[in-house]
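In: need coordinates for the following:
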Amino acid sequence: MTEGTAAPAIVVCHRNPDGRAALARSLGAFARVEHADSLPHAVELLALSAAACLIVDLPQEPRARVALAQIAAAYPQTKLLVLADALPFDIARELVRAGVRDVLPLPLDAAVCVDAVRDALSDGVDPPDRLRGMCVAVASGKGGAGCTAVALNLAGALVAHGAAMIVDADAPPFGTLAVASDVEPGGGIAGLVRQRLPLEPRVLRQSAAAHPGGFLELSLWAAPGDLPEVEGILAGALDACAAIASFVVVDVGRPVLPAQRLLLRRASVTVAVTTLDLPSLRNLRQLADVLVADGRSGPAPLLVLNRVDREASYTVDQASAAIGQPFAAVLPFSHALRARLDRGELMLAADPEDPWSGAIRGLAREIAARRRDAVRSALGEGGLRAARSGDGEPR
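Out: Predicted structure coming up:
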């Protein structure tokens, strides 16, 4: 365990007090050990601590062994180790089907158990910084430009290029991501901080809501009173999210809070959304000035022109010339978009052939290309091939 890395949590449910004490001493060198006196108690600890590993005595009753399969399904990131005497073949096969990682013999040998735990945990180590996901901040200089719609559908489009999640970071209490996606956001990151839970990838993954579009959804805060809770942990929270997903889309909206401006500085890519009207275009220039004033390094923001129709007072070329930068994406006006948002539907899924959806997919391809270039630069071509996931995209 490297300096600054949080120790993994391990829940032990073993009936022998001497065995529990031996495990606590041996595992305590690299993990936080919590003891459960029953399987239901162990499940409660899993829900609270997002444990990396559960060590449990083999239940004697077949019905109780079914609970092991339910635990493995509910907590897929938790490694399940079972302590047992000699097993009949049919029970061993039952445990394998239930998702048990390993069976350790009784009487307990603490050294053997430690080796098995270390081996299990090595399967889920966090990626190094150079392989962490890309943070994509979606912001605008003026309210009503469509940041939430763009961010939500962009997360859905990025799923085709790797694991994705979206974080609602609009100024509280004005975030509308949960309404637009029709997904219950839960307590969010601020709630985890209040519960004194560690902001580890495992905890955030279990706290996030699963969107039908195939990505995770998490809120940063819900009320103005949450701001003090998260001001000191924003960088760590983003890093933890980037250890979960290849693409972390942060719906910033209009950056009126210092915490939001910090998110923009931490982002690898900023998507700046505007509409084709004078106030929005002027505020887009002001947003660019804010990014420069805050010392943000890296490439220029990707400019996105939203809801373009023929009745606009300016052309796309005129707007681009006035800003001094071409638009990375021009999203045409769509009559279906508003209705999809009101119903909590993803435009990409409901109307995949709509030109607005096609433009979002093009923007996603541009962002995915930037990530591939960044990974290639960090690893070199040989390392890039080794880091590719099964679908051919770098993690």
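In: ok, which stretches of the stretch 251-395 of the chain are strands?
Out: Per DSSP state E, counting those that start in this stretch, the stretch 251-395 of the chain carries strands over the ranges 269-275, 302-308, 329-332.
In: which one of those strands has the poorest average confidence?
Out: Looking over these, mean pLDDT reaches its minimum on strand 302-308, with a mean of 89.
In: run the chain-centre distance for that one.
Out: 25 Å (CA atoms, centre = their mean, to the nearest Å).
In: likewise for stretch 20-36?
Out: That offset, for stretch 20-36, works out to 29 Å (CA atoms, centre = their mean).
In: next one: stretch 223-234
Out: 19 Å.
In: likewise stretch 240-257?
Out: 9 Å.
In: between the two ends of it, how far is it?
Out: 22 Å (CA to CA, to the nearest Å).
In: tell me the mean pLDDT over that stretch?
Out: 91.
In: buried residues, it. List them.
Out: Using 16 or more other CB atoms under 10 Å as the test for burial, stretch 240-257 gives 240-255, 257. (Each C-beta comes from the backbone N, C-alpha and C, glycine too.)
In: from those, which ones fall inside helices?
Out: Under the assignment DSSP state H, the buried residues of stretch 240-257 contribute 240, 241, 242, 243, 244 to helices.
In: wait, residue 217 touches residue 204, no?
Out: No - in this structure residue 217 lies outside contact range of residue 204 using CB atoms under 8 Å: 11.4 Å.
In: show me where pLDDT drops low in the stretch 101-250 of the chain?
Out: 123-131, 173, 175-176, 178-187 (pLDDT under 70).
In: residue ranges for the strands of it, please.
Out: 102-105, 134-140, 164-168, 209-210, 216-219, 247-253.
In: domain assignment for this structure?
Out: Here the domain assignment for the chain is 9-124, 129-387, based on automatic domain parsing.
In: out of the ones you listed, deepest packed?
Out: Compared across the domains of the chain, domain 129-387 shows the largest average neighbour count, a mean of 19 (mean count of other CB atoms under 10 Å).
In: and of the strands of the stretch 101-250 of the chain, who's closest to residue 323?
Out: Nearest of those to residue 323, taken as CB to CB: strand 134-140 at 13.5 Å.
In: strands paired with the closest one, and their directions?
Out: strand 247-253 (parallel), strand 269-275 (parallel) (DSSP bridges).
In: select, out of those, the one closest to residue 346.
Out: strand 247-253 (13.0 Å).
In: give me the distance between residue 104 and residue 8.
Out: 18 Å (CB to CB, to the nearest Å).
In: ugh, typo on my part, it should be residue 239
Out: Applying CB to CB to residue 239 and residue 8 gives a distance of 17 Å.
In: residue 79 too?
Out: 10 Å.
In: residue 97 too?
Out: 26 Å.
In: ok, now residue 325?
Out: 45 Å.
In: please apply the same query to residue 163.
Out: For residue 163, the distance to residue 8 - CB to CB - is 21 Å.
In: contacts only, for the nearest residue to residue 322 once chain neighbours are set aside.
Out: Once flanking residues are discounted, residue 322 sits nearest to residue 281: 6.5 Å by CB to CB, 6 or more residues apart in numbering. Residue 281 is in contact with 274, 314, 319, 322, 323, counting by CB atoms under 8 Å, 6 or more residues apart in numbering.
In: I'd say the second one and residue 275 touch.
Out: The one in question is residue 314. No - Residue 314 is not in contact with residue 275 according to CB under 8 Å; the separation is 10.5 Å.
In: now residue 91: which helix or strand?
Out: With secondary structure defined by DSSP states H and E, residue 91 is part of helix 89-98.
In: how far does that helix sit from its chain's centre?
Out: 33 Å.
In: which strands and helices sit next to it?
Out: helix 62-74 (3 or more CB pairs under 8 Å, 6 or more residues apart in numbering; DSSP states H and E).
In: gap between the residue nearest to residue 322 and residue 199?
Out: For residue 281, the distance to residue 199 - CB to CB - is 38 Å.
In: can you put the strands of the stretch 101-250 of the chain in CSV and add distance to residue 349?
Out: Shown next, in CSV, are these (distance: least, CB to CB, whole Å):
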stretch, distance to residue 349
strand 102-105, 40
strand 134-140, 19
strand 164-168, 14
strand 209-210, 14
strand 216-219, 15
strand 247-253, 16
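In: residue 372 is nearest to which of those?
Out: Between those, strand 134-140 lies closest to residue 372; by CB to CB that is 10.0 Å.
In: quick one: that closest one to strand 302-308, angle?
Out: Here strand 134-140 points in a direction 50 degrees away from that of strand 302-308 (axes from the mean of the first three to the mean of the last three CA atoms, to 10 degrees).
In: let the chain start at 34 from now.
Out: Got it, first residue is 34 now, which makes that one strand 167-173.
In: run the chain-centre distance for strand 167-173.
Out: On CA atoms, centre = their mean, the centre of strand 167-173 falls 14 Å from that of its chain.
In: again with stretch 377-388
Out: Distance, centroid of stretch 377-388 to centroid of chain: 22 Å (CA atoms, centre = their mean).
In: now swap in stretch 335-349 and tell me
Out: 32 Å.
In: need the distance between the two termini of it.
Out: Stretch 335-349 end-to-end distance (CA to CA) = 15 Å.
In: stretch 170-183 too?
Out: 11 Å.
In: got it, and stretch 166-181?
Out: Terminal-residue distance, stretch 166-181 (CA to CA): 21 Å.
In: just how off-centre is that stretch within its chain?
Out: 17 Å.
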